[in-house]
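Enquirer: What follows is a predicted protein model with its sequence.
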Amino acid sequence: MPFIGTTPTQGFVSSFPKQSFTPDGSTTVFTLTNPVANANDLEVFVGNVRQEPTTAYTAAGTTLTMSEAPASGLNFYVINKGFAQVTTTPPVNSISTDKIINANVTSAKLASTLDLSGTGRTGHGGLKSVQVFDTAGTHTYTKPTGISTVKVTVTGGGGQGGGYGAANDFGAGGGAGGTAIKVIDVSSISTVTVNVGAGGSGGGTGADGNGGSGSSFGSHATGNGGSGGRHGNRGDTYGGAGGTATGGDINLLGGSGNNGQDNALTNGTDYRPTWGIGGASFWGGGGRGGVYNISAAEGRAPGSGGGGGASAGNGLGAAGKVGIVYVEEFA
């Protein structure tokens, strides 16, 4: 239809529901599809002639009562004025979030090809990717496009197991590196310096194990290295202490190395396995201690401690495992 002035941006169609009946010449009570308050809410037509409310008919709820039964074959229908139907066509790009009731968008309204996993995740807080730094030394973390938050898990290097010390001795296991876990807002950060601590190594057969080095994610979180285990001829042959951690939302101590034993080997084929096991890190267990002709083992999981040496093996304490910096990236 034409308008004076600017054409409205929103089209509309207004109509009143029509309901038809088939009269049989005897029925006076009919059921309405839509309820009404009284007779004035309806326009009733019999033979296309409008009837007078309250005189020719009454109505309440869904019941229409005619004062006389409409004759068979007449065109008999009603228009429900109290139940207007309005259909609107909103302008393109006009529906905002506040117009939608919370929790009322169902999966049926989403495109079947919508990708909510992996690289398809954009504009929300889902996990998009990870970066792993597990080689000892200094690295640079570079934030990918679209990342606003990271969760970092920073673990220091594990300590070396102690050497066997002297005949009939077992060295103690090295301690594991500590672990700091922290969630960081990186919306204004582009790069971060990452240090990954080396596992302790280099101690001789008659020496204590060397400690691991610390790992860090910039100044945000640090996992310190585990201490080396003592050699087996010290008397107080205790395991290396686990490393500490700072800066994290959670700071976890590394596991201590298992104690060694002075003058414990009673014969050349002694396989006693309970001495000198390297300390467990956040990621898993340490290396076994040496026994008989089996050498001590390097730390198993990132940041775990190395096993202590045995006089019947090669006698050296095994190296601790290198630390790790694990970065989870969220949009």
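Expert: Received, thanks. Residues are numbered from 1 along each chain as shown.
Enquirer: contacts and neighbour counts: CA atoms only from here.
Expert: Fine.
Enquirer: in this structure, what spans have low per-residue confidence?
Expert: For the chain, the stretches with pLDDT under 70 are 1-15, 83-89, 112-125, 264-274, 312-313.
Enquirer: Give the buried residues for the lengthiest strand in it.
Expert: Scanning the chain for the longest strand, with DSSP state E as the assignment, gives strand 57-66. When burial is assessed from 16 or more other CA atoms under 10 Å, strand 57-66 yields the following buried residues: 57, 58, 59, 63, 64, 65, 66.
Enquirer: Now for the first one: which residues touch it?
Expert: For residue 57, the contacting residues are 39, 51, 64, 65, 66, 67, by CA atoms under 8 Å, 6 or more residues apart in numbering.
Enquirer: In space, what's closest to the fourth one - neighbours in sequence excluded?
Expert: The spatial neighbour of residue 65 that comes closest, neighbours along the chain excluded (CA to CA, 6 or more residues apart in numbering), is residue 29 at 4.5 Å.
Enquirer: and the one you found, what is it in contact with?
Expert: So residue 29 contacts 63, 64, 65, 66 (CA under 8 Å, 6+ apart).
Enquirer: Kindly report the same for residue 324.
Expert: Shown in contact with residue 324 (CA under 8 Å, 6+ apart): 132-135, 153-157, 196-197, 215, 302-303.
Enquirer: try 7 Å this time
Expert: The neighbourhood of residue 324, defined by CA atoms under 7 Å, 6 or more residues apart in numbering, consists of 133, 134, 154, 155, 156, 196, 302, 303.
Enquirer: now the closest residue to it other than its chain neighbours: how far from residue 216?
Expert: Closest residue to residue 324 apart from its sequence neighbours, by CA to CA, 6+ apart: residue 134 at 4.6 Å. Note on residue 134: its distance to residue 216, by CA to CA, to the nearest Å, is 12 Å.
Enquirer: what's the overlap in contacts for these two?
Expert: In contact with both residue 134 and residue 216: residue 196, using CA under 7 Å, 6+ apart.
Enquirer: Looking only at neighbour counts, state which of those two leads.
Expert: residue 216 (30 against 20; other CA atoms under 10 Å).
Enquirer: so the more buried one bridges to which residues?
Expert: residue 195, residue 222 (DSSP bridges).
Enquirer: what number of residues lie near residue 26?
Expert: Neighbours around residue 26, by other CA under 10 Å: 11.
Enquirer: Quick check, it in contact with residue 67.
Expert: No: look at residue 26 against residue 67 with CA atoms under 7 Å: they stay out of range, at 11.2 Å.
Enquirer: What segments of the stretch 151-300 of the chain are strands?
Expert: 179-185, 191-196, 215-217, 221-223, 245-246, 250-252 (DSSP state E, counting those that start in this stretch).
Enquirer: In terms of secondary structure, what does the first one contact?
Expert: It refers to strand 179-185. strand 149-155, strand 221-223, strand 245-246, strand 250-252 (3 or more CA pairs under 7 Å, 6 or more residues apart in numbering; DSSP states H and E).
Enquirer: Residue 249: neighbouring residues, count only.
Expert: Neighbourhood size, residue 249 [other CA under 10 Å]: 12.
Enquirer: Chain neighbours aside, what residue packs nearest to it?
Expert: The nearest residue in space to residue 249 (CA to CA, 6+ apart) is residue 182, at 4.9 Å.
Enquirer: wait, doesn't that neighbour sit right on residue 154?
Expert: No: the pair residue 182 and residue 154 does not pass the contact test of CA under 7 Å, sitting 8.6 Å apart.
Enquirer: Tell me the residues that contact both of those two, please.
Expert: Common neighbours of residue 182 and residue 154 (CA under 7 Å, 6+ apart) are residue 221.
Enquirer: ok, these two, which is more surrounded?
Expert: More neighbours surround residue 154 than the other of residue 182 and residue 154, with 36 against 21 (other CA under 10 Å).
Enquirer: quick one, what contacts residue 192?
Expert: Contacts here follow CA under 7 Å, 6+ apart; on that basis residue 192 touches 140, 141, 142, 217, 218.
Enquirer: Weed out the non-buried ones from the residues you listed.
Expert: Buried positions within these, assessed by neighbour count (16+ other CA under 10 Å), are 141, 217.
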